[in-house]
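K.L.:
no letters, just coordinates:
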């Protein structure tokens, strides 16, 4: 029997004999559940016409270069739609960001470095107390394929920073933020990255 308007999902049902008021489950359908009255309901499951459909309003990163949002397509099914990040921005969690990510209300900077195999990475800079102090360096943690760390509240101003990656054998490598085009000469043949707290 065609049942117009039946929605996607599980629907319990039973058969009823005319006149005798007897109810019974569908013997040809192995899908059933307890009816709470000592018997069973048969279950009809109407599958989605859009298998693998994303959740409306969902957002995520496709990769470091593009963010995706869940939108309705021409066929009525929701699917991920990609939008490339603008120049000098990269996708983090669910949106394109300029790195480091500055929170102007909290006056913090969140540093992000793609995971590159080091057992530990720290952020040092003019924003730590003391400036560039090894003991004041921010330890980064791994999250979603990246090393991340967030500073404490900072005064308005321009700051310099650099990542220091450990190799596990006592050696370290200084890394200029590859995702931040703002940099200045570090006077030692390299560059320090720069950020501004408004």
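P.N.:
Yep, it's here. Note that the coordinates shown come from a computational prediction; the quantities given were computed from them, not determined experimentally.

K.L.:
going by C-alpha atoms from here, please, whenever you check contacts or count neighbours.
P.N.:
Noted.

K.L.:
in the lengthiest strand in the chain, what counts as buried?
P.N.:
What stands out as the longest strand in the chain, according to DSSP state E, is strand 157-166. Neighbour counts using 16 or more other CA atoms under 10 Å place 159, 160, 161, 162, 163, 164, 165, 166 of strand 157-166 among the buried residues.

K.L.:
list of residues touching that strand?
P.N.:
118-127, 172-177, 192-198 (CA atoms under 8 Å, 6 or more residues apart in numbering).

K.L.:
where does pLDDT dip in the chain?
P.N.:
1-4 (pLDDT under 70).

K.L.:
on that earlier part again, can you flag the buried ones in the contacts of strand 157-166?
P.N.:
Looks like the contacts of strand 157-166 have 120-125, 127, 174-177, 192-197 buried, using 16+ other CA under 10 Å.

K.L.:
taking these one by one, which sit in strands?
P.N.:
Among the buried ones among the contacts of strand 157-166, DSSP E puts 120-125, 174-175, 192-197 in strands.

K.L.:
now those in CSV, with distance to residue 113?
P.N.:
Below are these laid out as CSV (distance: CA to CA, whole Å):
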residue, distance to residue 113
120, 12
121, 9
122, 10
123, 10
124, 13
125, 15
174, 12
175, 9
192, 14
193, 12
194, 15
195, 15
196, 18
197, 19
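
K.L.:
between those, which is nearest residue 139?
P.N.:
residue 122 (4.5 Å; CA to CA).

K.L.:
and that closest one, bridged to which residues?
P.N.:
Beta-bridge pairing for residue 122 (DSSP bridges): residue 139, residue 164.

K.L.:
which residues touch it?
P.N.:
Residue 122 is in contact with 137, 138, 139, 140, 163, 164, 165, counting by CA under 8 Å, 6+ apart.

K.L.:
same deal with residue 55?
P.N.:
70, 78.

K.L.:
at 10 Å instead, please
P.N.:
Shown in contact with residue 55 (CA atoms under 10 Å, 6 or more residues apart in numbering): 69, 70, 71, 78, 79, 80.

K.L.:
any idea how far residue 164 lies from residue 34?
P.N.:
The gap separating residue 164 from residue 34 is 61 Å, by CA to CA, to the nearest Å.
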